[in-house]
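Undergrad: Need a 3D model of the following:
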Amino acid sequence: MGMKRKRDNYQNDMISALREALSSFCDDDKEKFSALVDKLDNSISEAKKKLSNLFLILLVIIVGLLFFIFLLLDRNKTVESRLNYLEQRESLLVQFMAPDSTDNISYYSENDIPITYHHLFHENDSLRKMSDTLKIYMDLVKKNYPISFHHDSNFFYVSSPKIDSALMLLNMYHDKIQYNPYEKTWSVTRKSSIKRE
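TA: Numbering: from 1, shown residues only. Just a heads-up that it's a prediction; the model follows:
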């Protein structure tokens, strides 16, 4: 502030000195020089206004830059924490899975046998097909035989009173059971051990 006052005082002193010097000139020259001094004074005032506007613009730019730097540092911190998280995740991935030369990721089981994603995909596909086939078989068994299934926490129960009794009889009468292919029936023939008198 002290510098600015000195400069303003110096400019005002210079203009005052010019006006005093003009008083010694003749009237024609006096008017010309007076107009020039007024013009110079107006130019200096406009320059001061422009300078203050320029200072204000520079202040806004500096504040904007500081705000941008603050946002950039905050963003940098966020990116750095995300990068640390991804590096930790990648190290865990490399620990359990190992990419091979064909960019396939392999999982090494306990026996150090590599299992690739493609292997797991094909195994999953074959298991899905097997599951569909077994479901069809199970539906056929349920449809043709009186079997019921029960699930209780970790256990599955199968019950079928008719089949259970047939299997119990099979143990006793296995040699007496005969199948008639024409009628498609089973029959049990038993010889009576009762004597008639």
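
Undergrad: got any ranges where this structure has weak pLDDT?
TA: Residues of the chain that meet the criterion pLDDT under 70 lie in 1-11, 14-15, 17-34, 36, 92-111, 113-114, 164, 190-197.

Undergrad: Would you map the helices across it?
TA: Assigned helices in the chain, in chain order: 2-23, 27-96, 117-144, 161-173 (criterion: DSSP state H).

Undergrad: So this structure: which segments form each domain?
TA: Each structural domain of the chain that the record assigns through automatic domain parsing is listed here as a residue range: 2-95, 100-144, 147-197.

Undergrad: rewinding a little: could I get the helices of the chain in CSV, plus columns for mean neighbour count?
TA: Yep, even glycine has a C-beta here, placed from its N, CA and C like the rest. As requested, the helices of the chain are exported to CSV (neighbours: other C-beta atoms under 10 Å):
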stretch, mean neighbour count
helix 2-23, 11
helix 27-96, 11
helix 117-144, 10
helix 161-173, 11
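
Undergrad: Make JSON lines out of those helices and add distance to residue 153.
TA: Output for the helices of the chain, formatted as JSON lines (distance: least, C-beta to C-beta, whole Å):
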{"stretch": "helix 2-23", "distance to residue 153": "88"}
{"stretch": "helix 27-96", "distance to residue 153": "31"}
{"stretch": "helix 117-144", "distance to residue 153": "21"}
{"stretch": "helix 161-173", "distance to residue 153": "24"}
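
Undergrad: Can you check which of the ones you listed gets nearest to residue 188?
TA: In this view, the helices of the chain are compared for proximity to residue 188 by C-beta to C-beta, and helix 161-173 is the closest at 5.2 Å.

Undergrad: now what about the closest one, what contacts it?
TA: Here helix 161-173 makes contact (C-beta atoms under 8 Å, 6 or more residues apart in numbering) with 145, 146, 147, 177, 188, 190.

Undergrad: residues near the closest residue to residue 148 other than its chain neighbours, how many?
TA: Excluding the flanking residues, the one nearest residue 148 by C-beta to C-beta, 6 or more residues apart in numbering is residue 159, at 5.4 Å. The tally of other residues near residue 159 (other C-beta atoms under 10 Å) stands at 11.

Undergrad: measure residue 159 to residue 151 for me?
TA: With distances taken as C-beta to C-beta, to the nearest Å, residue 159 is found 12 Å from residue 151.
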